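> sequence? don't have it. structure:
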């Protein structure tokens, strides 16, 4: 459904229809993590799962830290769409592509530093460290394609073509699952195969959809994308400021999940492996609920571009309500199928036993977290990135302090309680800044 054709429709039904393709694409993203975890969790040794946990957590933190390439693109593109400024949409796309390539090059160059920091941050066996290095040696070269995909997804979300953005993610995820499974199960490449699968899937998906996007712009906007005259000082400064704020926010968010991995490692490799499994449930729920947030980003930007306050308030109310109700459904499904999913992911009895003891957190967190997920989407669409940054700084500080205290006194349950508090902190701090968005109207 296209907002350009139906700008007055901001009902719950509209949001759900717009989000359906995003649901499936977002489901595919964590499914890759579940499959990778399952492939490593059934090799019979904890070291494979521990290495995969640390290596993927670190790479996820690094790559997600540059999520501004998607989020910044959505905010600017959707507001430009509301104004009918198609040339600015294309220029924003090209500017972010240049930034992505520069970032990717720097990450590849500094790969030895990444490994050095992992060695000193995580105290694991030599075998586990070697497996981590094996993964990084391959995965780091997928970064240029992965960052470019962020921009493409942001572009299609910004112009409300959610089916195309969703198709991109689904293709990426399916290719990732297929390649990783073949490399691990057929060629016995274990962690090397998982990383190689991501590498192949990223470049194939990026190439296919870059070509499609070029042709899409030619046909829909009647503009030939060129890297000429895209450097506008004021707009570049605005873009860099937005990107920097979102970078800090995302870096802190991904650091929080890396902090969970760090605290888990301190509790022992069994808890590290268990939390690697359990966090997949949270990520799965987050990506699923983020479908509403992603759809809302574009609609919020569109309403601000149109200066339509009533439509903005309608979509905010409807999106939060629908997100919370969906989170309750997700929690109910987890309640029913938790043990069955755990048994599929790992065949190691001690890991199953510990996982069963922590199912309560998997049930509680999705509904509680639904509010902060949705508020994130609202602020990103409004391009209120300074407020997102400040809210995350406060929330992360609170989370780290809480996790140190509660994990020390209550072990792994304390760590999960702290993660739940983190979601609450994020909601409260964003709610505090909400009135600043209303000043745009």
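Okay, I see it. Predicted, not measured: the structure shown is a model, and the values here were computed from it.

> So which residue is dead centre in this structure?
residue 64 (6.2 Å; C-alpha atoms, centre = their mean).

> Tell me which helix or strand the closest residue in space to that residue that isn't next to it in sequence sits in.
The shortest distance from residue 64 to any residue other than its chain neighbours is 4.4 Å, reached at residue 254 (C-beta to C-beta, 6 or more residues apart in numbering). C-beta here means a position set from N, CA and C on the backbone, and glycine is covered the same way. Residue 254 belongs to helix 233-267 when elements are defined using DSSP states H and E.

> Show me what the mean pLDDT comes to for that helix.
Average pLDDT, helix 233-267: 81.

> Likewise for stretch 36-43?
On average, stretch 36-43 scores 72.

> Equivalent analysis for stretch 423-433, please.
Taken as a whole, stretch 423-433 has an average pLDDT of 96.

> Buried residues in it, which are they?
423, 424, 425, 426, 427, 428, 429, 430, 433 (16 or more other C-beta atoms under 10 Å).

> got the contact list for that stretch?
Outside stretch 423-433, the residues that touch it by C-beta atoms under 8 Å, 6 or more residues apart in numbering are 365, 368-369, 371-372, 375-376, 379, 384, 387-388, 390-392, 394-395, 398-399.

> Now that we have those residues, which of them are buried?
Of the contacts of stretch 423-433, these count as buried by 16+ other C-beta under 10 Å: 365, 368-369, 371-372, 375-376, 379, 384, 387-388, 390-392, 395, 398-399.

> what's the host helix or strand of residue 60 packed up against?
Counting by DSSP H and E, the element that carries residue 60 is helix 46-64. Contact here means 3 or more C-beta pairs under 8 Å, 6 or more residues apart in numbering; DSSP states H and E; on that basis helix 46-64 packs against helix 12-41, helix 111-121, helix 126-139, helix 143-158, helix 190-220, helix 233-267, helix 269-306.

> could these be laid out in CSV, adding distance to residue 412 and mean neighbour count?
As requested, the helices and strands packed on helix 46-64 are exported to CSV (distance: least, C-beta to C-beta, whole Å; neighbours: other C-beta atoms under 10 Å):
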stretch, distance to residue 412, mean neighbour count
helix 12-41, 18, 21
helix 111-121, 19, 13
helix 126-139, 20, 18
helix 143-158, 31, 25
helix 190-220, 25, 19
helix 233-267, 6, 19
helix 269-306, 5, 25
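
> so which of these comes closest to residue 173?
helix 12-41 (3.4 Å; C-beta to C-beta).

> tell me what the helix holding residue 254 is packed against?
For helix 233-267, the packing partners by 3+ C-beta pairs under 8 Å, 6+ apart come out as helix 46-64, helix 68-83, helix 86-109, helix 269-306, helix 385-432.

> Tell me which of these sits nearest to residue 150.
In terms of C-beta to C-beta, the element of these nearest to residue 150 is helix 68-83, at 4.1 Å.

> between the helix holding residue 60 and helix 269-306, how many degrees?
Here helix 46-64 points in a direction 20 degrees away from that of helix 269-306 (axes from the mean of the first three to the mean of the last three C-alpha atoms, to 10 degrees).

> and the angle for helix 46-64 with helix 143-158?
Using the same axes, to 10 degrees, the direction of helix 46-64 lies 60 degrees away from that of helix 143-158.

> pLDDT of helix 46-64, averaged?
Helix 46-64 comes out at a mean pLDDT of 79.

> for this protein, what are the low-confidence residue spans?
Residues of the chain meeting the criterion pLDDT under 70: 1-10, 25-34, 37, 41-42, 44, 228-233, 235-236, 239.

> what do you get if the cut-off is 50, keeping everything else the same?
Applying pLDDT under 50 to the chain flags the ranges 1-5, 7-8.

> what's the spacing between residue 362 and residue 279?
Distance of residue 362 to residue 279, computed by C-beta to C-beta, to the nearest Å: 10 Å.

> cool, residue 67 as well?
18 Å.

> what's the answer for residue 381, then?
Distance from residue 381 to residue 279, by C-beta to C-beta: 27 Å.

> now residue 137
24 Å.

> And for residue 138?
In terms of C-beta to C-beta, residue 138 sits 22 Å off from residue 279.

> does residue 316 really touch residue 381, like I thought?
No: assessed by C-beta atoms under 8 Å, residue 316 is found out of contact with residue 381, at 9.9 Å.

> Find residues that contact each of those two.
Applying C-beta under 8 Å, 6+ apart, one finds that residue 316 and residue 381 are jointly contacted by 296, 300.

> Could you check which of those two has the larger neighbour count?
A count of neighbours by other C-beta atoms under 10 Å puts residue 381 above the other of residue 316 and residue 381, at 31 against 24.

> Not counting sequence-adjacent ones, nearest residue to the more buried one?
In space, and not counting its chain neighbours, residue 381 is closest to residue 300: 3.0 Å by C-beta to C-beta, 6+ apart.

> the inter-axis angle of the helix or strand harbouring residue 176 versus helix 143-158?
Taking DSSP H and E as the definition, one finds residue 176 inside helix 162-181. Counting by the same axes, to 10 degrees, helix 162-181 lies at 150 degrees to helix 143-158.

> For helix 162-181, name the packing helices and strands.
Applying 3+ C-beta pairs under 8 Å, 6+ apart, one finds that helix 162-181 contacts helix 12-41, helix 143-158, helix 190-220, helix 269-306.

> next structured bit after the last one?
To tie it back to what came earlier, the one meant is helix 269-306. Sequence order places helix 309-345 as the next helix or strand after helix 269-306, per DSSP H and E.

> Show me what that next one is packed against.
Using 3+ C-beta pairs under 8 Å, 6+ apart, helix 309-345 sits against helix 12-41, helix 269-306, helix 349-356, helix 359-381.

> Show me the one of those helices that comes nearest residue 211.
Per C-beta to C-beta, nearest to residue 211 of the helices and strands packed on helix 309-345: helix 12-41, 19.4 Å.

> before we move on, back to that, residue 252 is in contact with the residue nearest to the centre of the chain, correct?
No: here residue 64 does not reach residue 252: they are 10.7 Å apart, not a contact under C-beta under 8 Å.
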